[in-house]
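> Just the structure for this:
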Amino acid sequence: MDALLVCQRHSWDQGLTAAVLDAGGEAAALRALVDDAVARQLPDGRLAELDPACSVNGGVVGEYVDRVARRDGDAGLAAAAARQRDWLLTGAPRAADGTLFHLLGGREVWADTVFMVVPPLAAAGHGEAALAQLAGHRARLRRPDGLWRARWDDDAGAPSDGRAWGTGNGWVAAALARAVSLLPGSGLAAEARAHLDACLAHRRPDGSFGDVLDDAASPPDTAVAAMLAWAALAGAREGWLPRGYADVGRSLLAHVVAALDVLGRVTGAAAAPRFDRPGHSPEAQAWLLLADAQARALATAATSSATSAAQPQERVTPAPPCP
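Here you go, the predicted model:
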């Protein structure tokens, strides 16, 4: 946690850090974080945004600004969250079919955006908009093998980066896993499992995943294992994945834990801020903590179930029939 909190962070990392604090019950720290996100809100509604080229990344922290606003009854936070939602719903640049572009000043659709917009919109009650964004991104980026391309050029009508970028597929896996519980009845559980399985098929013999999943020559990226660990553990805990995925998630988590250095940092991730070499990143740190929280929740649930099963059951005497 210390290693995460002392890192310089972009808007999406502020959102992941908010998720870590929320999962850990750190209410006061979460409040301080969302206040800071609002202090850095741009006039158009983008929260915590220090890079004016980024269009959608503030959506992640927006979910937690809204959550704290509801918890504390804070009208100012609620208004800030609404401005972020309005930016995603109507203000941000998008394609003719409404699919959001990842950056201002360009017309590219990125895999990353799926996590930045689908869960926040679903959590805010805009399920149809969330599913529409998922559909637009899926149509452009999902490949026949089930993996997702990194980027699509909407003007060219073709991929600008057709590689199965590991972190990009991790963002999609996490987004789908979150959306399952946020959008019940949407049928996303099967899609989330299929995508997770497509990623897991490219796990290397040493337990790692490549920066490009299907390129054996690409360097490993520890963050991918952390993201997929979270998705597998969340699905097993929530019941939309078979329990065997809990073992998969724990194995992935153990791989990431083994990569910690003496300062508690995840090593071997694509290094922030340009993600062009191995190193450390706030997102790798956050996904480790989020996956660990899921593993602990699963262990607690298993212990509770075992304790309950071991206790003698009270005999219930049927009531007499009504006269």
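> now the helices for the stretch 201-323 of the chain?
Applying DSSP state H, counting those that start in this stretch to the stretch 201-323 of the chain gives helices spanning 222-238, 244-257, 282-310.
> Alpha carbons only: can I get the first one in CSV?
Below are the C-alpha coordinates for helix 222-238, written out as CSV (Å, rounded to 0.1, in the frame of the first residue of the first chain):
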residue,chain,number,x,y,z
THR,A,222,3.7,-8.8,-14.2
ALA,A,223,0.7,-6.5,-14.3
VAL,A,224,-1.1,-8.8,-16.7
ALA,A,225,-1.0,-11.6,-14.2
ALA,A,226,-2.3,-9.3,-11.4
MET,A,227,-5.2,-8.2,-13.5
LEU,A,228,-6.2,-11.7,-14.6
ALA,A,229,-5.7,-12.9,-11.0
TRP,A,230,-8.3,-10.3,-9.8
ALA,A,231,-10.8,-11.3,-12.6
ALA,A,232,-10.5,-15.0,-11.8
LEU,A,233,-10.8,-14.6,-8.0
ALA,A,234,-13.7,-12.2,-8.4
GLY,A,235,-15.6,-14.6,-10.6
ALA,A,236,-15.0,-17.5,-8.3
ARG,A,237,-16.1,-15.5,-5.2
GLU,A,238,-19.2,-14.1,-6.9
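> change the start of the numbering to 748 and stick with it
Understood, numbering begins at 748; the last thing we discussed is helix 969-985.
> which other helices and strands contact it?
Where contact means 3 or more CB pairs under 8 Å, 6 or more residues apart in numbering; DSSP states H and E, helix 969-985 is packed against helix 913-929, helix 935-947, helix 991-1004, strand 1016-1017, helix 1029-1057. For every residue, glycine as well, the C-beta is placed using N, CA and C.
> Same question for the shortest one.
In this structure, helix 991-1004 makes packing contacts with helix 969-985, helix 1029-1057, judged by 3+ CB pairs under 8 Å, 6+ apart.
> Of the ones you listed, which stretch is the most buried?
helix 969-985 (a mean of 27; mean count of other CB atoms under 10 Å).
> Residues in contact with the host helix or strand of Q761: which ones?
Using DSSP states H and E, Q761 falls within helix 758-770. Contact partners of helix 758-770, identified using CB atoms under 8 Å, 6 or more residues apart in numbering, comprise 748, 751-752, 754, 756, 776-777, 780-781, 783-784, 793-798, 801, 804-811, 814, 859, 862-863, 1019, 1028-1030, 1033-1034, 1036-1037, 1040.
> Go again with 7 Å.
The contact list for helix 758-770 (CB atoms under 7 Å, 6 or more residues apart in numbering) reads 751, 756, 776-777, 780-781, 784, 794-797, 801, 804-805, 807-808, 811, 863, 1029-1030, 1033, 1036-1037, 1040.
> With stretch 844-852 instead?
Contacts to stretch 844-852, defined as CB under 7 Å, 6+ apart, come from residues 799-803, 839-841, 854-857, 859-860, 864, 879-880, 883-884.
> For ChimeraX, what selects the buried ones among the residues you listed?
The following ChimeraX line selects those of the contacts of stretch 844-852 that are buried, judged by 16 or more other CB atoms under 10 Å:
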select :801,802,803,839,841,854,855,856,857,859,860,864,879,880,883,884
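> Can you list which of the contacts of stretch 844-852 are found in helices?
T860, V864, A879, Q880, G883, H884 (DSSP state H).
> Hmm, M863 and the last one touching each other?
No: checked against CB atoms under 7 Å, the pair H884 and M863 is beyond contact range at 10.6 Å.
> got a list of what the closest residue to W912 other than its chain neighbours touches?
In space, and not counting its chain neighbours, W912 is closest to A897: 3.9 Å by CB to CB, 6 or more residues apart in numbering. Shown in contact with A897 (CB under 7 Å, 6+ apart): W857, A858, D908, R910, W912, G915.
> Run a quick neighbour tally on the fifth one.
A count of nearby residues for W912, using other CB atoms under 10 Å, gives 28.
> Show the contacting residues for it.
Contacts of W912 by CB under 7 Å, 6+ apart are A858, A897, V959.
> In terms of pLDDT, where does it sit?
Per-residue pLDDT puts W912 at 97.
> Show me the beta-bridge partners of it.
Judged by DSSP bridges, the bridge partners of W912 are V959.
> where does R756 fall, phi/psi-wise?
Backbone torsions for R756, taken as degrees, to the nearest 10, come to phi -130, psi 140.
> What is the burial count for it?
Using other CB under 10 Å as the criterion, the residues surrounding R756 number 24.
> So R950 sits against F956, correct?
Yes: R950 lies in contact with F956 (CB under 7 Å); the separation is 6.0 Å.
> No further questions, thank you.
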